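Q: this one's structure only:
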């Protein structure tokens, strides 16, 4: 039982490049979340999903897109990366009445 | 929309002293409430959670938290701090209907003096 996994663990991008971060969960949880963590800012919610085929904006959605085509996967896309998107990205899965489970994080550096 | 406030950015305590970290939330109903701890370069570890029932919640590592509905607070406490408790602590709120959002406070960094 792996819980929540994230791919890749680390990535360096040049400004303007695109990439997709993959989050996968094996707990059959309905709700999935993407956060970014920056020093002094805590974890800020980017986008989230309350079920397969649904997505919603969080606190800082600009510059990101997401998709939840399968219940177990939640993808975060950066269409044109900017240095301001340098951050650590965490994915999480949550079932109501349960604990939110986090992935190990993806460190992204945009040059 | 719900929000979470951790008013203390940094707290310094001496080893063996008691600790209280503050967390206030804004939400129209009773939310799910959580405290997490994060050591440098590490992921988040759940300390404790409140869903319903007894408002005093016991967690791991000797931590406890009390839900006070009238004050919209969920403060974290520990009677005697150990040097290994130095870390960053995050309060989180999960809404229980409708949007199912799950958001975090900005964190409190704890420093422990020997």
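A: That came through fine. This structure is a prediction, so every number in the text was calculated from the model and none was measured. Residues are numbered from 1 along each chain as shown, chains lettered A, B, ... in the order given.

Q: show me what contacts the residue sitting nearest the centre point of chain A?
A: What sits nearest the mean C-alpha location of chain A, by Cα atoms, centre = their mean, is residue A:34, with 3.1 Å. Applying Cβ atoms under 8 Å, 6 or more residues apart in numbering or on different chains to residue A:34 gives the contacts A:21, A:23, A:45-48, A:58, A:64, A:66, A:74, A:76, A:89-91. No exception for glycine: its C-beta is placed from N, CA and C like everyone else's.

Q: tell me the SS of it?
A: What DSSP: H, G, I helix; E, B strand; the rest coil gives for residue A:34 is strand.

Q: Tell me, how many residues neighbour residue B:24?
A: The number of residues packed near residue B:24 is 18, by other Cβ atoms under 10 Å in any protein chain shown.

Q: How about residue B:84?
A: Around residue B:84 there are 10 other residues, counting by other Cβ under 10 Å.

Q: Tell me the confidence at it?
A: What the model reports for residue B:84 is a pLDDT of 95.

Q: that older thread, near chain B too, which of the contacts of residue A:34?
A: A:45, A:48, A:58, A:90 (Cβ under 8 Å from any Cβ of the partner chain).

Q: The second one sits in which helix or strand?
A: Right, residue A:48. Using DSSP states H and E, residue A:48 sits in strand A:42-49.

Q: so how far is that strand from its chain's centroid?
A: Centroid displacement of strand A:42-49 relative to its chain, using Cα atoms, centre = their mean, to the nearest Å, is 8 Å.

Q: other SSEs contacting whichever helix or strand comes after it?
A: Once the chain leaves strand A:42-49, the next helix or strand it forms, by DSSP H and E, is strand A:56-57. On a contact count with 3 or more Cβ pairs under 8 Å, 6 or more residues apart in numbering or on different chains; DSSP states H and E, strand A:56-57 meets strand A:42-49.

Q: what's around residue 69, how many residues?
A: Looking at chain A here, since you left the chain open. By the criterion of other Cβ under 10 Å, residue A:69 has 9 neighbours.

Q: Let me rephrase: I mean chain B.
A: If we define neighbours as other Cβ under 10 Å, then residue B:69 has 9 of them.
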